[in-house]
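J.: structure, please.
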Amino acid sequence: MEYSVNTRPLLQQSESESDFEERDGRESGGTLDDPVVVTKDTRPLFKVQEPKDRYNLAYIIFYLLGMTTLLPWYFFVTADDYWMYKLRNLSGNYTVVGDGGRSELQASFTAYLSVASTIPNTLFLILNSLLSHKISLRIRMVGSLSTIIILFVVTTALVKIDTDSWQQIFFIVTLVIVVLLNIASAILQGGLFGLVGKFSARYITAVVSGQALGGIFAALASILSLCLGASATTSAFVYFMVANAMLLLALTAYLILTRAMFFQYHLLDKSEGNTLHYEPGSIQSSSYGPSVRNISYMGILSKIWTYGFSEWLTFFITLAMYPSITVLVCSTYKGNKVAWNDVYFVPVVGYLIFSTFDYVGRMLAGFLHWPRGRGWLLLLLSAFRVVFVPLILLCNAQPRHHLPVVIHSDVLYILIIVLFGLTNGYLANITLICVPRVVDATEQEVASSMMAAFLGVGLACGSALGLGMVKIL
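T.: Modelled structure (predicted):
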């Protein structure tokens, strides 16, 4: 659209003087020196006012989606007794887990589960950061959530099927499901972090806090099953049914969220020269589909590498100790026939307390926002967490063959776990909050997806180191 813009100052002359001069100029046949510039105005005619998050609906849904990203891992780990029952030694008692010693399948399952989870998750988090702008966000989010639901339904059905006559096949099928689950979870997590990077820090906090809340939920479920004395198959069936319900709720909630004006506004392409497109009742955003913009990965990486390395280092140190070592730390009073020392100490301290303070740390980062814009300082703080490695190794982790037990106090160990979880949650969240602020608006989705890749690689490297740490004890 072209406009004729009169550039004469409005108060240069009075209106009557201007009229007489223009009339005289026309009557005398002369030309009037009136500078008129023809321009093409590419700006939107009206500035769009940011919609409100009515009833905090988007915040709640992002919380739920955050829980969903790690739900497969939490529920598979929590159902350890179920896997041991399914893979038990059939030459002995059919109802007692591990009777007469672990079978070969039981002994190798945890190691295979770790490999089947970590490798595809890390690989697809990296691929997601490289290819996310070429695939529609809607396809990635809805497709990955739907895939996870289908795989969990299959897993739930297998609980009620007698697999004793085909244990080996069940073992392979389960690992295939784990691989596919982690591929879908990586796509979901990468897409979610890329999506929430377009929103304010409050919504980033909702996602990462939701992840920690998933750990609390799984720990409480484990403790509750211990209190009720439920069988391995009953507990697993309840776990997986709850997971199915939460996953279905997350998918439904996400589809509702995409129709909200608040959500669509934040997905608008806000790069210079782009305009806003409207349809009745909604804002259409080209960024919700595949982007055709050229992405400079090295340019983005040069801006966020300190934050990414900090995220990697935080989870590398955490996973080196948790849960491979923390699950081995038992009460120094174990064996005195007190339920707290013999039954509840590890699930409460090693899982529930860690997850709770991990959650508190993530929430705290959402309020403090410190240090803001100082990637090198975040990296330094993450490096300081290496002190937790010798501290936890010197606690009462059993069995041990090389290192002595130096920290005998249960209270001191609990304090170490509190600080360990608190610092992990705080640094994990604050780095993700800072990244969208150090890149351009058009780079936020890719930058946040890269941070998810750093997180995934940190988990993988930490898990691998954790296996070696067990040998050091």
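J.: quick one, domains of the chain?
T.: The record assigns the chain these domain ranges, following automatic domain parsing: 2-40, 54-293, 297-473.
J.: mean pLDDT and mean neighbour count added to those domains, as JSON lines?
T.: The way it works is simple: take the backbone N, C-alpha and C, and place the C-beta from them, glycine included. Putting those into JSON lines (pLDDT from 0 to 100; neighbours: other Cβ atoms under 10 Å) gives the following:
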{"stretch": "domain 2-40", "mean pLDDT": "46", "mean neighbour count": "9"}
{"stretch": "domain 54-293", "mean pLDDT": "81", "mean neighbour count": "18"}
{"stretch": "domain 297-473", "mean pLDDT": "91", "mean neighbour count": "19"}
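J.: which other residues reach stretch 377-387?
T.: 306-307, 309-311, 313-314, 317-318, 371, 420, 423-424, 427, 430-431, 434 (Cβ atoms under 8 Å, 6 or more residues apart in numbering).
J.: do stretch 234-245 as well
T.: Residues from elsewhere that reach stretch 234-245 (Cβ under 8 Å, 6+ apart): 71-72, 75, 78-79, 81-82, 149, 152-153, 155-156, 159-160, 221, 225, 230.
J.: try it again at 7 Å.
T.: 71, 75, 78-79, 81-82, 149, 152-153, 155-156, 159, 221, 225 (Cβ atoms under 7 Å, 6 or more residues apart in numbering).
J.: please save the CA atoms from stretch 220-233 in PDB.
T.: Extracted in PDB, the C-alpha atoms of stretch 220-233 (Å, rounded to 0.1, in the frame of the first residue of the first chain):
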ATOM      1  CA  LEU A 220       5.600 -40.800  46.400                       C
ATOM      2  CA  ALA A 221       4.100 -43.600  44.400                       C
ATOM      3  CA  SER A 222       7.000 -45.800  45.300                       C
ATOM      4  CA  ILE A 223       6.700 -45.000  49.000                       C
ATOM      5  CA  LEU A 224       2.900 -45.500  48.900                       C
ATOM      6  CA  SER A 225       3.300 -49.000  47.400                       C
ATOM      7  CA  LEU A 226       5.800 -49.900  50.100                       C
ATOM      8  CA  CYS A 227       3.200 -48.800  52.700                       C
ATOM      9  CA  LEU A 228       0.400 -50.800  51.100                       C
ATOM     10  CA  GLY A 229       2.500 -53.800  50.400                       C
ATOM     11  CA  ALA A 230       1.000 -54.100  46.900                       C
ATOM     12  CA  SER A 231       2.300 -56.900  44.600                       C
ATOM     13  CA  ALA A 232       4.700 -56.000  41.800                       C
ATOM     14  CA  THR A 233       2.200 -56.500  39.000                       C
END
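J.: and the one helix or strand Thr233 maps to, how far out from the chain's middle?
T.: Here Thr233 sits within helix 232-257, counting by DSSP states H and E. Averaging C-alpha positions (Cα atoms, centre = their mean, to the nearest Å) puts helix 232-257 18 Å from its chain's average.
J.: likewise for stretch 442-452?
T.: 13 Å.
J.: ok, now how distant is Ile417 from Gln106?
T.: Applying Cβ to Cβ, to the nearest Å, the value for Ile417 to Gln106 is 28 Å.
J.: swap that for Thr122, please
T.: Computed as Cβ to Cβ, the Thr122 to Gln106 distance reads 26 Å.
J.: what does Phe217 give?
T.: Taken as Cβ to Cβ, the span from Phe217 to Gln106 is 26 Å.
J.: cool, Ser310 as well?
T.: Distance, Ser310 to Gln106, using Cβ to Cβ: 38 Å.
J.: can you count the residues close to Lys52?
T.: Residues within reach of Lys52, counting by other Cβ atoms under 10 Å, total 10.
J.: you'd agree it is in a strand?
T.: No: when DSSP: H, G, I helix; E, B strand; the rest coil is applied, Lys52 is found to be coil, with no strand at that position.
J.: disregarding residues adjacent in the polypeptide, which is nearest to it?
T.: Closest residue to Lys52 apart from its sequence neighbours, by Cβ to Cβ, 6 or more residues apart in numbering: Phe262 at 6.6 Å.
J.: secondary structure element for Ser108?
T.: Ser108 belongs to helix 104-131, assigned by DSSP H and E.
J.: how about the strands in this protein?
T.: Counting by DSSP state E, the chain has strands at residues 2-6, 36-40, 277-279, 282-284.
J.: does Met450 touch Phe309 like I think?
T.: No: applying Cβ atoms under 7 Å, one finds Met450 not in contact with Phe309, separated by 11.5 Å.
J.: thought Arg202 was touching Phe367?
T.: No: between Arg202 and Phe367 there is no contact under Cβ under 7 Å: 9.6 Å.
J.: and Val446, how far is that from Leu131?
T.: Distance, Val446 to Leu131, using Cβ to Cβ: 10 Å.
J.: got it, and Gly299?
T.: 17 Å.
J.: then Tyr239?
T.: According to Cβ to Cβ, Tyr239 stands 33 Å off from Leu131.
J.: try Ile223
T.: 41 Å.
J.: and what of Cys434?
T.: From Cys434 over to Leu131 the distance is 25 Å, taken as Cβ to Cβ.
J.: ok, Ile300 next?
T.: Look at Ile300 and Leu131: by Cβ to Cβ, they are 14 Å apart.
J.: one more: Tyr307?
T.: Going from Tyr307 to Leu131 by Cβ to Cβ gives 22 Å.
J.: again with Asp342
T.: Distance, Asp342 to Leu131, by Cβ to Cβ: 50 Å.
J.: same check on Ala236?
T.: In terms of Cβ to Cβ, Ala236 sits 35 Å off from Leu131.
J.: let me see the contact set for the residue nearest to Val178 when sequence neighbours are not counted.
T.: Spatial nearest neighbour of Val178, excluding adjacent residues (Cβ to Cβ, 6+ apart): Ala116 at 4.3 Å. Each residue near Ala116 by Cβ under 7 Å, 6+ apart is listed here: 175, 178-179.
J.: equivalent analysis for Thr156, please.
T.: 237, 240-241, 244.
J.: excluding chain neighbours, what is closest to Phe357?
T.: Spatial nearest neighbour of Phe357, excluding adjacent residues (Cβ to Cβ, 6+ apart): Gly421 at 3.6 Å.
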